[in-house]
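Engineer: below: sequence and its predicted model.
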Amino acid sequence: MPEPMSAATSDARSPMHSFPTICTPRGPVPQAAPRWNPQRSSSMPSHRYRSAYDRVAVPLTGRSWPHARIERAPLWVPVDLRDGNQALAEPMDTPRKRRMFDLLVAMGFKEIEVGYPSASRTDFDFVRHLATSGAVPDDVTVVVFTPAKADLIDRTFESVAGLDRVVVHLYIATAPVWREVVLGRDRADVHGVVLDAARQMDRLARARPGADIRFQFSPEVFNLTEPDYILEVCDSLTELWDASPDRPVVHNLPATVEIGTPNVYADQIEYMHRHLARRDAVILSVHPHNDRGTGVACAELAVLAGAQRVEGCLFGNGERTGNVDLVNLALNLHAQGVDPMIDFSDIDEIRRTVEHCNRLPVPPRHPYGGDLVYTAFSGTHQDAISKGFAHRASSASELWEVPYLPIDPADVGRTYEAVIRVNSQSGKGGIAHLLRTGHGVDLPAGMRAEFSRTVQRSTDDSGTEATPKDLWNLFEAAYLVPGRDGGVALTSWSAQTGPAGEHRFVCTLRVDDREGDYEGTGTGPVTAFADALAAAGVEVDVLDLMEQEPSGPPGTRVTTAYARCRAGREERWGAGRDASGVAASVAAVLSAVNRARG
């Protein structure tokens with residue numbers, strides 16, 4: 001008897017897989033669980049971790065952020081050229097950095113972190129390039145990043161010589177684990193290091209009286225640091241640097257490693273917002289990361305809690321899971337009727353530039369900028385979108401109210417061509433929309449369901465998407481060519497109107513293998529054609545007939561006609577296209593007859 005196959009040697013294509021590396025939860029159902037939830041305890045060691053509530057106690061009562069609304073954009077500060085660049089497998093060289101910088105300027109960012117000049121020759125050289133090339137517009141402030149070390153601060157100030165508007169960004173880790181494990185210092189020691197660095201920065205700035213040099217401080221891992229300690233350090237720097245409303249200091253409070261739900265970060269920010277000294281001389285800034293996948297939510301709640309400035313990267317590049325995504329944040333505001341103050345009107349060019357500079361792809365489902373974010377494959381979604389477009393076309397309102405599309409794709413430079421795409425999940429509404437927008441064929445309601453079954457069979461068989469060209473080919477094969485290779489064919493015909501208004505249809509018909517001359521009469525050319533068909537032994541009842549307005553360039557305008565007919569026991573739709581409306585209607589009836597007989 002053969003041995004059973006191991007998981008390693010079994011056919012990976014089999015629908016019955018085993019997962020030996022994953023332990024199926026086998027613990028008891030928690031006693032408090034309701035009957036409808038049979039989930040059991042997993043094998044994962046979740047007990048090794050503490051919640052954010054157990055790590056940092058925020059002495060805050062009477063929160064105001066849950067009731068606030070964002071009514072204006074914060075100051076956006078892209079850190080793609082520093083924090084984002086640090087996270088790249090292939091850090092940017094000067095040409096790529098310059099291309100990114102020029103993009104950020106063109107989009108309207110007015111404060112841009114351009115590098116960590118004491119960390120590498122490449123970063124130093126790029127800051128010098130900006131200082132000597134005239135690349136920085138008069139209304140743009142550059143930010144440079146430095147740790148709290150004397151020689152590195154000197155190097156940082158050396159890099160910005162010649163730049164008129166600079167923010168020097170000082171940082172040090174302040175959280176207990178970082179103080180104890182990384183720095184080997186206590187609270188007082190770390191505070192002393194920060195004050196020494198701040199005094200040195202102040203001296204170097206005063207040595208350039210003609211330049212506008214301001215200061216920024218980031219207590220790295222703010223969200224894991226004791227709130228009273230952060231407040232003590234920040235307030236001491238506000239005083240030392242003698243911050244004022246016309247020369248404010250930036251206190252940037254990073255969620256360096258995301259560890260709690262967004263409401264915890266909002267509480268921390270609101271605590272600082274309420275208690276910072278000289279609050280009108282402080283720009284309260286946030287720098288969320290995305291370790292829990294909630295960086296955007298953290299940033300939005302932080303703004304509700306009092307933050308005035310947000311640091312992040314385009315499309316969320318950055319260490320580990322990335323910095324907060326400025327594209328997502330800014331266009332979220334746009335979708336709520338708030339001007340983001342940054343131009344995203346050509347989202348695809350922005351994405352192409354970011355992909356080139358970072359050498360990383362933007363996922364197709366990335367909010368607002370991915371290839372597929374305005375695309376619907378689902379039939380119910382397609383039907384709703386198609387009806388939304390139709391309603392908008394007939395409405396005088398400027399408000400954007402199209403189901404499933406939070407913003408108008410045209411706002412970010414997208415066309416409507418890719419909004420509805422067809423695969424095996426699609427429905428009649430989406431298929432009809434693509435035929436109408438791509439080929440000017442507006443299927444009657446009753447015909448849409450019939451044609452959608454044809455498309456469904458094709459996509460089920462292929463397992464792939466049907467392009468607009470594929471849809472047209474299917475429509476043409478199903479409705480415009482029946483009878484060419486058999487069935488009932490009209491070889492020649494003429495339609496005449498008698499003096500009493502009676503219509504006479506004279507034709508040559510081939511029915512299967514027989515060909516003959518026939519004629520019929522009726523109240524119109526189509527009923528006369530049906531009478532001629534009856535004379536040839538083809539009984540047909542024309543149940544519905546409609547002609548679509550002619551479409552196409554002058555001189556080549558075509559009428560499309562649709563006919564629903566009963567031939568024998570079968571009822572089918574047919575379609576015809578011709579410069580002549582009568583010819584199109586006759587072709588539609590013939591199409592329906594052949595489809596019913598076939």
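Structural biologist: Happy to help now that I have it.
Engineer: please make it C-alpha for all contacts and neighbour counts, starting now.
Structural biologist: OK.
Engineer: can you give me the strands for this structure?
Structural biologist: 75-78, 111-115, 141-147, 165-173, 212-220, 249-255, 282-288, 309-312, 488-497, 503-511, 514-522, 541-547, 559-567, 570-578 (DSSP state E).
Engineer: mind giving me a markdown table with those and columns for mean neighbour count, mean pLDDT and distance to Q86?
Structural biologist: Below are the strands of the chain laid out as a markdown table (neighbours: other CA atoms under 10 Å; pLDDT from 0 to 100; distance: least, CA to CA, whole Å):
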| stretch | mean neighbour count | mean pLDDT | distance to Q86 |
| --- | --- | --- | --- |
| strand 75-78 | 23 | 98 | 14 |
| strand 111-115 | 25 | 98 | 9 |
| strand 141-147 | 24 | 98 | 12 |
| strand 165-173 | 22 | 97 | 15 |
| strand 212-220 | 22 | 97 | 16 |
| strand 249-255 | 25 | 98 | 16 |
| strand 282-288 | 26 | 98 | 15 |
| strand 309-312 | 26 | 98 | 13 |
| strand 488-497 | 16 | 91 | 71 |
| strand 503-511 | 20 | 94 | 76 |
| strand 514-522 | 17 | 94 | 80 |
| strand 541-547 | 16 | 94 | 63 |
| strand 559-567 | 25 | 94 | 60 |
| strand 570-578 | 23 | 93 | 61 |
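Engineer: can you tell which of those is closest to V354?
Structural biologist: Taking CA to CA, strand 75-78 is the member of these nearest to V354, at 12.3 Å.
Engineer: show me what that closest one pairs with in its sheet, parallel or antiparallel.
Structural biologist: Counting by DSSP bridges, the strands paired with strand 75-78 are strand 309-312 (parallel).
Engineer: how far is the strand it pairs with from where the chain is centred?
Structural biologist: 20 Å (CA atoms, centre = their mean, to the nearest Å).
Engineer: which residues are contacting it?
Structural biologist: Contact partners of strand 309-312, identified using CA atoms under 8 Å, 6 or more residues apart in numbering, comprise 74-80, 283-288, 299, 303, 323-326.
Engineer: dump that strand to PDB, restricted to CA.
Structural biologist: Extracted as PDB, the C-alpha positions of strand 309-312 are listed here (Å, rounded to 0.1, in the frame of the first residue of the first chain):
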ATOM      1  CA  ARG A 309       0.900  70.600  10.400                       C
ATOM      2  CA  VAL A 310       1.200  67.000   9.000                       C
ATOM      3  CA  GLU A 311       4.400  65.300   7.800                       C
ATOM      4  CA  GLY A 312       4.100  62.300   5.400                       C
END
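Engineer: for A495, give me its contacts.
Structural biologist: 503-506, 525.
Engineer: actually F315, sorry about that
Structural biologist: The contact partners of F315, taken as CA under 8 Å, 6+ apart, are 325-328, 362, 366.
Engineer: make JSON lines from the contacts of A495 and add distance to A135 to it.
Structural biologist: Converted to JSON lines, the contacts of A495 look like this (distance: CA to CA, whole Å):
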{"residue": "H503", "distance to A135": "79"}
{"residue": "R504", "distance to A135": "80"}
{"residue": "F505", "distance to A135": "78"}
{"residue": "V506", "distance to A135": "79"}
{"residue": "P525", "distance to A135": "74"}
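Engineer: which of those residues sits closest to R279?
Structural biologist: Distance to R279, by CA to CA, is smallest for P525 among these, at 84.2 Å.
Engineer: neighbours of the closest one, just the number please.
Structural biologist: Neighbour count of P525, defined by other CA atoms under 10 Å: 23.
Engineer: can you tell me the closest non-neighbouring residue to it?
Structural biologist: Residue nearest to P525 in three dimensions, not counting chain neighbours: H503, with 5.8 Å by CA to CA, 6 or more residues apart in numbering.
Engineer: repeat that for T132.
Structural biologist: With sequence-adjacent residues excluded and distances taken as CA to CA, 6+ apart, T132 is closest to G162, at 7.3 Å.
Engineer: surely the one you found touches L130?
Structural biologist: No. In this structure G162 lies outside contact range of L130 using CA atoms under 8 Å: 9.4 Å.
Engineer: buried residues in the helix or strand of the chain with the lowest mean pLDDT, which are they?
Structural biologist: None of the helices or strands of the chain scores lower by mean pLDDT, DSSP states H and E than helix 52-55, at a mean of 70. Residues of helix 52-55 classed as buried under the neighbour-count rule (16 or more other CA atoms under 10 Å) are A52.
Engineer: contacts for that helix?
Structural biologist: Contacts of helix 52-55 (CA under 8 Å, 6+ apart): 224, 259-261, 264.
Engineer: try 6 Å
Structural biologist: For helix 52-55, contacts defined as CA atoms under 6 Å, 6 or more residues apart in numbering pick out G260.
Engineer: C-alpha coordinates for that helix, PDB please?
Structural biologist: Output of helix 52-55 as PDB, limited to C-alpha atoms (Å, rounded to 0.1, in the frame of the first residue of the first chain):
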ATOM      1  CA  ALA A  52      -1.400  51.400  24.400                       C
ATOM      2  CA  TYR A  53      -3.600  52.200  27.400                       C
ATOM      3  CA  ASP A  54      -1.200  50.300  29.600                       C
ATOM      4  CA  ARG A  55       1.900  52.000  28.200                       C
END
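Engineer: so which residues of the stretch 1-150 of the chain form helices?
Structural biologist: Remark: helices assigned in the stretch 1-150 of the chain by DSSP state H, counting those that start in this stretch are 52-55, 85-86, 94-107, 121-133, 150-159.
Engineer: now the residue in the chain sticking out farthest from the centre. Its backbone dihedrals?
Structural biologist: Distance from the C-alpha centroid of the chain peaks at P499, with 65.1 Å (CA atoms, centre = their mean). Per-residue torsions, P499: phi -60, psi -30 (degrees, to the nearest 10).
Engineer: what pLDDT does it get?
Structural biologist: Looking at P499, its pLDDT reads 79.
Engineer: repeat that for R352.
Structural biologist: 97.
Engineer: what's the burial count for G192?
Structural biologist: For G192, the neighbour count with other CA under 10 Å is 12.
Engineer: related to what we said a few turns ago, distance to D513 and neighbour count added to the contacts of F315, as JSON lines?
Structural biologist: JSON lines is the format used below for the contacts of F315 (distance: CA to CA, whole Å; neighbours: other CA atoms under 10 Å):
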{"residue": "D325", "distance to D513": "69", "neighbour count": "24"}
{"residue": "L326", "distance to D513": "70", "neighbour count": "24"}
{"residue": "V327", "distance to D513": "66", "neighbour count": "23"}
{"residue": "N328", "distance to D513": "66", "neighbour count": "19"}
{"residue": "V362", "distance to D513": "60", "neighbour count": "18"}
{"residue": "H366", "distance to D513": "59", "neighbour count": "15"}
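Engineer: from those residues, which is closest to R436?
Structural biologist: Nearest to R436, judged by CA to CA, of those is H366 at 28.8 Å.
Engineer: who touches the helix with the most length in the chain?
Structural biologist: Assignment by DSSP state H gives helix 187-206 as the longest helix of the chain. Applying CA under 6 Å, 6+ apart, the external contacts of helix 187-206 come out as A148.
Engineer: average pLDDT for it?
Structural biologist: Mean predicted lDDT for helix 187-206 stands at 97.
Engineer: list the buried residues for that helix?
Structural biologist: Neighbour-count burial for helix 187-206, counted by 16+ other CA under 10 Å, picks out 190-191, 194-195, 197-198, 200-202, 204-205.
Engineer: what about it, distance to the chain center?
Structural biologist: That offset, for helix 187-206, works out to 43 Å (CA atoms, centre = their mean).
Engineer: quick check: mean pLDDT of stretch 328-348?
Structural biologist: Confidence for stretch 328-348, expressed as mean pLDDT, is 96.
Engineer: put the alpha carbons of that stretch into PDB.
Structural biologist: C-alpha atoms of stretch 328-348 as PDB (Å, rounded to 0.1, in the frame of the first residue of the first chain):
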ATOM      1  CA  ASN A 328      -4.800  59.900   0.800                       C
ATOM      2  CA  LEU A 329      -5.100  62.600   3.400                       C
ATOM      3  CA  ALA A 330      -5.300  65.600   1.100                       C
ATOM      4  CA  LEU A 331      -7.900  63.900  -1.300                       C
ATOM      5  CA  ASN A 332      -9.900  62.800   1.700                       C
ATOM      6  CA  LEU A 333     -10.400  66.500   2.400                       C
ATOM      7  CA  HIS A 334     -11.200  67.200  -1.200                       C
ATOM      8  CA  ALA A 335     -13.900  64.500  -1.100                       C
ATOM      9  CA  GLN A 336     -15.400  66.400   1.900                       C
ATOM     10  CA  GLY A 337     -15.600  69.700   0.200                       C
ATOM     11  CA  VAL A 338     -12.400  71.100   1.800                       C
ATOM     12  CA  ASP A 339      -9.700  72.500  -0.500                       C
ATOM     13  CA  PRO A 340      -6.600  70.400   0.100                       C
ATOM     14  CA  MET A 341      -4.400  73.300  -1.000                       C
ATOM     15  CA  ILE A 342      -2.300  70.900  -3.100                       C
ATOM     16  CA  ASP A 343      -2.800  70.100  -6.800                       C
ATOM     17  CA  PHE A 344      -3.500  66.500  -7.600                       C
ATOM     18  CA  SER A 345      -5.200  67.200 -11.000                       C
ATOM     19  CA  ASP A 346      -2.800  64.900 -12.800                       C
ATOM     20  CA  ILE A 347      -2.600  62.000 -10.400                       C
ATOM     21  CA  ASP A 348      -1.100  59.600 -12.900                       C
END
